[in-house]
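1. What would the 3D arrangement of this be:
(4 chains)
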Amino acid sequence: MKIKIRYYGQLAEITNKNEEFLSVNINTVGALKRLLSVQYPELEKFQFQFAQDNTIVDENQKLNGSAVDLLPPFSGG
Amino acid sequence: MKIKIRYYGQLAEITNKNEEFLSVNINTVGALKRLLSVQYPELEKFQFQFAQDNTIVDENQKLNGSAVDLLPPFSGG
Amino acid sequence: MKKEEIKNIFRVGAIDPISISKSIANHQSKTTIGAHSIFLGQVRADAIDGNEVTAIEYTAQSEMANKICHEIKEAAFAQYKLSCMHIYHSLGIVKKGELCFFVFVSGPHRKSVFKALPQIVDEIKDKLPIFGKEIFKDASHQWKINQ
Amino acid sequence: MKKEEIKNIFRVGAIDPISISKSIANHQSKTTIGAHSIFLGQVRADAIDGNEVTAIEYTAQSEMANKICHEIKEAAFAQYKLSCMHIYHSLGIVKKGELCFFVFVSGPHRKSVFKALPQIVDEIKDKLPIFGKEIFKDASHQWKINQ
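-> Numbers count the residues shown, from 1 in each chain, chains lettered A, B, ... in the order given. This is a model prediction of the structure:
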């Protein structure tokens, strides 16, 4: 499956990109998380959440082909 | 003693004046209240408070020659 | 903070929205402020027995009202961490839909301003000798009662 | 009340005080409103280890933020007696002393708006994927953390 990953805030800084397409052979958000930790070891040091279809999702969530967002802690206002 | 009495809000309507000077032979706010109830029997029907020197006073308060304000319930805002 | 003098909170007629934006803009040089909160009272066209309020005419014992308002402000400054506070109330006629009351509280953080603002608004309504006369469409009137 | 569509809360750059007075003035025809309350967030020039914040640069997952903000508004309308609600948040650079966040709640009476406003502000800060980068005088930066 080819999925779009979008990086926000400090995570865009760490990965040095706002988004990328990855061809992956995995099914869950948890598996994606492990894959990204290999690609970007620095990520391990940071708190972040995943979102798919504009909704926060946990690690059991199935990847459905929509873009996946990596969101660091929110600091609006 | 000559004192200035000031009437506010609905009380100005009832007495038909904003202020008046009264020459009185009394010492307390309570006595003034009784005197004004004679002069304006309609006042008995209304809730109001007295103030002297910009402070709410009770009926035991001595008249000190400053103006006395008759204040109906407050409705600012 | 230096002791503030007693200010005149009263303005003749409605409070102009433009004056509110000026008041806000005046705070842009105060860079320790992180949070502002504003309350605005607006005259409602309440219908009472089929008759509609078209305006409120405000009168006040303004010297006493200004003195008590000053005490309310000083108490709020002592109780909460605030940077500044601005209060205006209308005197005279304010038509339905127009603004009659403005309370503007600023501080470093939102928690203090959110606690202070309702308290100040409630105290002003409770303690200041201000009197509203509700004027109806048919030119009759009744004296406003605060809940 | 008709179902509202999802609105875009984001504005590029600082929020202009003039737009706030326009927003206030737009409510003068709504004569069932008696109370407005406004929250404004302003960028503080916080000093951190001798370095001073000169601006915050905001980014967001704006589609998700707008969706969640819409849900927060709908929940507040269901919970409190409110007439209207307007929310803006800045994207991009907002300099110290400038406004980055605006929440405006109106209703017939003050009690509802005073309850709704802090709740809406807190939820927006907690739940919307918005990210602030604090830019210092010496051009270094750090990522803002909400308390």
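
2. Contact residues of chain A facing chain D?
-> Counting by Cβ under 8 Å from any Cβ of the partner chain, the residues of chain A close to chain D are A:6, A:8-10, A:12, A:51, A:54-55, A:69, A:71-77. All C-beta spots, glycine's among them, are computed from the backbone N, C-alpha and C.

3. Keep only those of those that are in strands.
-> Using DSSP state E, A:6, A:51, A:55, A:69, A:71 are the members of the residues of chain A next to chain D that sit in strands.

4. And the furthest pair within these?
-> Within those, A:6 and A:55 form the most distant pair, 14.1 Å apart (Cβ to Cβ).

5. now the worst-scoring helix or strand of chain C on mean pLDDT, how far from the chain's geometric center?
-> Confidence across the helices and strands of chain C bottoms out at strand C:47-48, with a mean of 88, counting by mean pLDDT, DSSP states H and E. Distance, stretch centre to chain centre, for strand C:47-48: 24 Å (Cα atoms, centre = their mean, to the nearest Å).

6. Direction included, what does it pair against?
-> strand C:51-60 (antiparallel) (DSSP bridges).

7. Mind checking what helix or strand follows the partner strand in sequence?
-> helix C:62-79 (DSSP states H and E).

8. by how many degrees do that next one and strand C:51-60 diverge?
-> Helix C:62-79 runs at 90 degrees relative to strand C:51-60, counting by axes from the mean of the first three to the mean of the last three Cα atoms, to 10 degrees.

9. Hmm, residue C:127 is touching residue B:71, no?
-> No - in this structure, residue C:127 is not within contact of residue B:71 by Cβ atoms under 8 Å, at 11.1 Å.

10. helices or strands up against the longest strand seen in chain C?
-> Scanning chain C for the strand with the most residues, using DSSP E, yields strand C:84-95. In terms of contacts (3 or more Cβ pairs under 8 Å, 6 or more residues apart in numbering or on different chains; DSSP states H and E), strand C:84-95 is packed against strand C:10-12, strand C:51-60, helix C:62-79, strand C:99-107, helix C:110-127.

11. Next one: the fourth one, is it in contact with chain B?
-> In this case it means strand C:99-107. Yes - using Cβ under 8 Å from any Cβ, we find that strand C:99-107 touches chain B at C:100-101.

12. Report whether that strand contacts chain A.
-> No - on the criterion Cβ under 8 Å from any Cβ, strand C:99-107 is out of touch with chain A, staying 14.5 Å away.

13. Which neighbouring elements make contact with that strand?
-> When contacts are defined as 3+ Cβ pairs under 8 Å, 6+ apart, strand C:99-107 packs onto helix C:17-25, strand C:35-42, strand C:84-95, helix C:110-127.

14. How far off centre is the helix or strand containing residue A:14?
-> Assessed by DSSP H and E, residue A:14 sits inside helix A:10-15. How far helix A:10-15 lies from its chain's middle: 11 Å, per Cα atoms, centre = their mean.

15. ok so, going back, and which of the residues of chain A next to chain D is nearest to residue D:54?
-> Among these, and counting by Cβ to Cβ, the member closest to residue D:54 is residue A:75, at 17.1 Å.

16. so which residue of chain A comes closest to chain C?
-> Nearest residue of chain A to chain C (Cβ to the nearest Cβ) works out as residue A:77 at 8.1 Å.

17. Hmm, that residue is touching residue D:41, no?
-> Yes - the pair residue A:77 / residue D:41 is scored as a contact, 5.0 Å apart, by Cβ under 8 Å.

18. Between these two, point out the one with more neighbours.
-> residue D:41 (26 against 23; other Cβ atoms under 10 Å in any protein chain shown).

19. Nearest residue to the more buried one in space, ignoring adjacent ones along the chain?
-> Spatial nearest neighbour of residue D:41, excluding adjacent residues (Cβ to Cβ, 6 or more residues apart in numbering or on different chains): residue D:101 at 3.2 Å.

20. so who does the one you found touch?
-> For residue D:101, the contact set (Cβ atoms under 8 Å, 6 or more residues apart in numbering or on different chains) comprises A:76-77, D:15, D:39-41, D:88-90, D:121, D:124.

21. quick check, nearest of those to chain C?
-> residue D:40 (4.1 Å).

22. Roughly how far does the spatially closest residue to residue C:112 that is not a sequence neighbour sit from residue C:114?
-> Once flanking residues are discounted, residue C:112 sits nearest to residue C:80: 4.3 Å by Cβ to Cβ, 6+ apart. According to Cβ to Cβ, to the nearest Å, residue C:80 stands 10 Å off from residue C:114.

23. Looking at these two, which one has more neighbours?
-> For residue C:80 versus residue C:114, neighbours defined as other Cβ under 10 Å are more numerous around residue C:114 (22 against 19).

24. who are the neighbours in contact with the residue nearest the centre of chain A?
-> Geometric centre of chain A, nearest residue: residue A:70, 3.7 Å, by Cα atoms, centre = their mean. Residues counted as contacts of residue A:70 (Cβ under 8 Å, 6+ apart) are A:5-8, A:11, A:36, A:48-50.

25. that older thread, okay, and the common contacts of residue A:77 and residue D:41?
-> D:100-101.

26. count of neighbours near residue C:103?
-> 25.

27. Now do stretch C:117-124: distance to the chain's middle.
-> That offset, for stretch C:117-124, works out to 9 Å (Cα atoms, centre = their mean).

28. can you tell me if it touches chain D.
-> Yes - counting by Cβ under 8 Å from any Cβ, contacts between stretch C:117-124 and chain D involve C:117-118, C:121.

29. If you average the pLDDT over the longest strand of chain C, what comes out?
-> For strand C:84-95, mean pLDDT is 98.

30. Now do the buried residues in it.
-> For strand C:84-95, burial by neighbour count (16 or more other Cβ atoms under 10 Å in any protein chain shown) applies to C:84-91, C:93-95.

31. can you tell me which residues contact the closest residue to residue C:144 other than its chain neighbours?
-> Excluding its sequence neighbours, the residue lying closest to residue C:144 (Cβ to Cβ, 6+ apart) is residue C:132, at 3.5 Å. Contacts here follow Cβ under 8 Å, 6+ apart; on that basis residue C:132 touches B:75-76, C:56-58, C:143-144.

32. would residue C:132 count as being in a strand?
-> Yes - the assignment for residue C:132 (DSSP: H, G, I helix; E, B strand; the rest coil) places it in a strand.

33. so how far is chain A from it?
-> Distance of residue C:132 to chain A, given as Cβ to the nearest Cβ, to the nearest Å: 36 Å.

34. how much space between that residue and residue B:14?
-> Residue C:132 is 17 Å from residue B:14, by Cβ to Cβ.
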